[in-house]
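Peer 1: need coordinates for the below:
(one chain, ligands or ions: 4)
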Amino acid sequence: MVRPSPVKYSEREEMAANGNALVSLAANCGTGRNGLAKIHTEKKAEGICHDDSSPPVKAQTIDELHSLQKKKSAPTTPVNGIQGPFTALSEEERHKQQLQSISATLASLTRETGPNVVKGDPAKQSETPRISHVSHHHVTPTISVSDSSLKFTHILYNLSPAELFEQAIKYEKGSFITSSGALATLSGAKTGRSPKDKRVVRDQTTEDELWWGNGSPNIEMDEQTFLVNRERAVDYLNSLDKVFINDQFLNWDPENRIKVRIVSARAYHSLFMHNMCIRPTPEELENFGTPDFTIYNAGQFPCNRYTHYMTSSTSIDLNLDRREMVILGTQYAGEMKKGLFSVMHYLMPKRQLLSLHSGCNMGKDGDVALFFGLSGTGKTTLSTDHNRYLIGDDEHCWSDNGVSNIEGGCYAKCIDLSREKEPDIWNAIKFGTVLENVVFDEHTREVDYTDKSVTENTRAAYPIEYIPNAKIPCVAPHPKNVILLACDAFGVLPPVSKLSLPQTMYHFISGYTALVAGTEEGIKEPQATFSACFGAAFIMLHPTKYAAMLSAKMQKHGATGWLVNTGWSGGRYGSGSRIKLAYTQKIIDAIHSGSLLKANYKTTEVFGLEIPTEVEGVPSEILEPMNTWSDKKAFKETLLKLAGLFKKNFEVFLNHKIGKDNKLTEEIVAAGPIF
Ligand SMILES: Nc1ncnc2c1ncn2[C@@H]1O[C@H](COP(=O)(O)OP(=O)(O)O)[C@@H](O)[C@H]1O
Ligand SMILES: C=C(OP(=O)(O)O)C(=O)O
Ligand SMILES: [Ca+2]
Ligand SMILES: [Mn+2]
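Peer 2: Ligands and ions are numbered 1, 2, ... in the order given. Coordinates of the predicted model:
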């Protein structure tokens, strides 16, 4: 009698798992007592039964099978063997150092210890070594004095977009995949920045260096209060099951690159910053070391209103000396992006680099344009131009070597977005992109971009390479054109004017626009705003410092200034309408090509702006706003009203010198409206 060879327990399991283990009738193998042929499994040469319809699964258990689904990713390029401070270390040692650095980042300042940190998702078994809390001093505390030091904090370190998508969908209410594959999310009660809750530590250094007082965005706080809020944020973050850590870069100029670490509680925030900052290669991440700046985003948790200086439950706190930022009481992700921009507005001018709230693109022949403007005036829309290379949509530096983007992504407004008018932005809204506060069909998950139910300030954050003609690395030569965008709700500024250098400086310092609803809390309809350097909310030094640098650079590199009104035409907000995007794009095309420089010009009354009589593709009658107003008297009154607002706004700058040149200062003051 031929017996089936003994099958080991695990092999039986494997066969059961396969569900189709082959059994054969052994016709010639003797019979059982009832005469039926005995069933036995086929014999393999090695004596192991097998299923020859498919090779066996290389797992011993179901858990093991599932573990096979995922493999460890290998570095894309070999880690260099000789150079670098970390190369002598084993992988394990490097891991330990990384965890120590993160533990130090999350250290409580009062208990003087960092938390016990462990890498990986708490929902899974921890894959990597744990590290006990790191003491700030070189003595390790002998007894744990608080419950927090008994607990491990799980660190989700530089997760990929796919992992962050899963984290968001699994654990964050209000996260969904849209029909185009983007992650739709809600930013909570705040759907715009909170400039009144942004504070900067005033200490001996910043006292002298920063711009304080009337008009300044830097609302002061003291070091002690900062530490109270920092402790609150750190304690909150450490109390969670897991926190996200992003280690990334700012600035594509390699000589002036800044290392940033973002600690956050939401996958949404981690993915947003993954998209917006420059993404390190695996090797750059290996050698990341100590960050230059750290954000503690505890946005779900409020600040304590009994804390000195606090006027609401939201607080965004910047400490330049500690190189740290704390966010409490707002989940609007733009606070992180623009908070870091403020830091760059401090660090870069210290190195003689001009930081700019501008978009930037470059033509096929290397002609570079900057687009300055406040929120919603068209930086992102107009710099994303299918016929030109995109350098960046919002934040740049201008150094002696040219222009570099600070960021690694774009943050586009989505309200009324259409595939026809803005195809590149439309197509960028796909897997990997974060879509904030949009409304979609509950079944099809098609986004309705016209829906303002959550907010008017709906946004998409995507990596810059999602725009097909982005130039990587995001650096460009010196600009040829400096375009100042103003969305004029009064409808009296011309669609385009050519500016002299003093006029460029006058309008740059004034920073006029009609703030479009939504980006700042509480703004429900457009209203006239003056924001120095087209970004007063983010500048740290006095506006004249940036203006002097811009004027010197424009002069040195022969750049031409332009004022483009992307706002109202044919009447003010309410009676006229916003100038067609297609017309603005034709105007911008004519600036880039150089044809507008050669046009015929006439000078307007009051503002003394040089306006072209013709622009290809644009109806000539709209080039002079008065033509488009049926009520000429109302036009004149509105023009004078706006001129008065400009004049009043500029008064605070009259006693300030711009650069070392007295003559320039006088010329700039004289370049404003005359009436
Ligand atoms: N003539 C125009 N020029 C520029 N943008 C326009 C125009 N008309 C409408 N828009 C819309 O205005 C918004 C400009 O926003 P965006 O480019 O994101 O501004 P910024 O980047 O300066 O904050 C977009 O939603 C765009 O579609
Ligand atoms: C995100 C912002 O920038 P912008 O509207 O200029 O793109 C903002 O101002 O909050
Ligand atoms: Ca902006
Ligand atoms: Mn923008």
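Peer 1: from here on, just use CA atoms for contacts and neighbour counts.
Peer 2: OK.
Peer 1: which of the residues in stretch 452-470 are buried?
Peer 2: 454-467, 469-470 (16 or more other Cα atoms under 10 Å).
Peer 1: and which of these is nearest to ligand 1?
Peer 2: Minimum distance to ligand 1 across the buried residues of stretch 452-470 is 8.4 Å, recorded for R459 (Cα to the nearest ligand atom).
Peer 1: T185 contacts F440, correct?
Peer 2: No. Using Cα atoms under 8 Å, T185 is not in contact with F440; the gap is 11.0 Å.
Peer 1: strands of the stretch 351-500 of the chain, residue ranges please.
Peer 2: Secondary structure of the stretch 351-500 of the chain by DSSP state E, counting those that start in this stretch: the strands cover 354-356, 358-362, 368-372, 389-392, 396-399, 402-405, 409-413, 434-436, 439-440, 447-448, 459-463, 475-476, 481-486, 496-499.
Peer 1: more neighbours: which of T185 and F440?
Peer 2: Remark: of T185 and F440, T185 carries more neighbours, 21 against 17, as counted by other Cα atoms under 10 Å.
Peer 1: enumerate every residue touching the more buried one.
Peer 2: G174, S175, F176, Y268, V434, L435, E436, N437, V438 (Cα atoms under 8 Å, 6 or more residues apart in numbering).
Peer 1: same check on T628?
Peer 2: Here T628 is in contact with S569, G570, G571, E621, I622 (Cα under 8 Å, 6+ apart).
Peer 1: neighbour-wise, which of those leads?
Peer 2: Of all the contacts of T628, S569 has the most neighbours under the rule other Cα under 10 Å, reaching 30 neighbours.
Peer 1: who does it form a beta bridge with?
Peer 2: Counting by DSSP bridges, S569 is bridged to S577.
Peer 1: my read: it touches K580, true?
Peer 2: No. S569 lies out of contact with K580 (Cα under 8 Å); the separation is 9.2 Å.
Peer 1: hang on, the earlier thing: which two in the buried residues of stretch 452-470 are spaced the farthest apart?
Peer 2: Distances among the buried residues of stretch 452-470 were taken as Cα to Cα; the most separated pair is V454 and N469, at 32.0 Å.
Peer 1: before we move on, back to that, got a quick ChimeraX command for the buried subset of the contacts of T185?
Peer 2: Buried residues among those (16+ other Cα under 10 Å), as a ChimeraX selection:
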select :175,176,268,434,435,436,437,438
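Peer 1: ok, and of the contacts of T185, which contact ligand 1?
Peer 2: The subset of the contacts of T185 lying close to ligand 1, counting by Cα under 6 Å from any ligand atom, is empty.
Peer 1: output the contacts of T185 in a markdown table, with pLDDT appended to each entry.
Peer 2: Converted to a markdown table, these look like this (pLDDT from 0 to 100):
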| residue | pLDDT |
| --- | --- |
| G174 | 96 |
| S175 | 98 |
| F176 | 98 |
| Y268 | 98 |
| V434 | 98 |
| L435 | 98 |
| E436 | 98 |
| N437 | 97 |
| V438 | 97 |
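Peer 1: what's the closest of the strands of the stretch 351-500 of the chain to N238?
Peer 2: Nearest to N238 among these is strand 434-436 (25.7 Å), distances taken as Cα to Cα.
Peer 1: point out where the stretch 401-550 of the chain drops to low pLDDT.
Peer 2: Within the stretch 401-550 of the chain, the segments meeting pLDDT under 70 span 515-526.
Peer 1: helices of that one, residue ranges please.
Peer 2: For the stretch 401-550 of the chain, the helices defined by DSSP state H, counting those that start in this stretch occupy 423-428, 501-510, 543-557.
Peer 1: and the second one, how far from the chain's centre?
Peer 2: Going back to what we said before, that points to helix 501-510. 28 Å (Cα atoms, centre = their mean, to the nearest Å).
Peer 1: likewise the first one?
Peer 2: Between the centre of helix 423-428 and the centre of its chain there are 17 Å (Cα atoms, centre = their mean).
Peer 1: does stretch 328-346 come close to ligand 2?
Peer 2: Yes. Using Cα under 6 Å from any ligand atom, stretch 328-346 reaches ligand 2 at G334.
Peer 1: would you pull up how far that stretch lies from the middle of the chain?
Peer 2: From the chain centre to the centre of stretch 328-346 is a distance of 9 Å (Cα atoms, centre = their mean).
Peer 1: over to stretch 212-232?
Peer 2: Per Cα atoms, centre = their mean, the centroid offset for stretch 212-232 relative to its chain is 23 Å.
Peer 1: check contacts around the closest residue to H274 other than its chain neighbours.
Peer 2: Closest residue to H274 apart from its sequence neighbours, by Cα to Cα, 6 or more residues apart in numbering: N246 at 7.1 Å. By Cα under 8 Å, 6+ apart, the residues touching N246 are Y157, N158, L159, V260, R261, I262, V263, S270, M273, H274.
Peer 1: show me which residues of the chain sit near ligand 2.
Peer 2: R193, G334, L374, S375, G376, Y411, T519.
Peer 1: of those residues, which is the nearest to A552?
Peer 2: Looking across the residues of the chain next to ligand 2 and measuring by Cα to Cα, the closest to A552 is L374, at 22.5 Å.
Peer 1: grab the nearest non-local neighbour of the closest one.
Peer 2: Leaving aside its chain neighbours, L374 sits nearest to F534 (5.3 Å; criterion: Cα to Cα, 6+ apart).
Peer 1: and what of E621?
Peer 2: N627 (6.1 Å).
Peer 1: what about that neighbour, is that helix, strand or coil?
Peer 2: Following DSSP: H, G, I helix; E, B strand; the rest coil, the label given to N627 is helix.
Peer 1: any figure for the gap between it and K636?
Peer 2: From N627 over to K636 the distance is 12 Å, taken as Cα to Cα, to the nearest Å.
Peer 1: which residue is nearest the middle of this protein?
Peer 2: In the chain, the centroid-proximal residue (Cα atoms, centre = their mean) is M276; its distance is 3.1 Å.
Peer 1: ok, and the closest non-adjacent residue to that one?
Peer 2: G409 (4.2 Å).
Peer 1: and that neighbour, bridged to which residues?
Peer 2: On DSSP bridges, the residues paired with G409 through beta bridges are P463.
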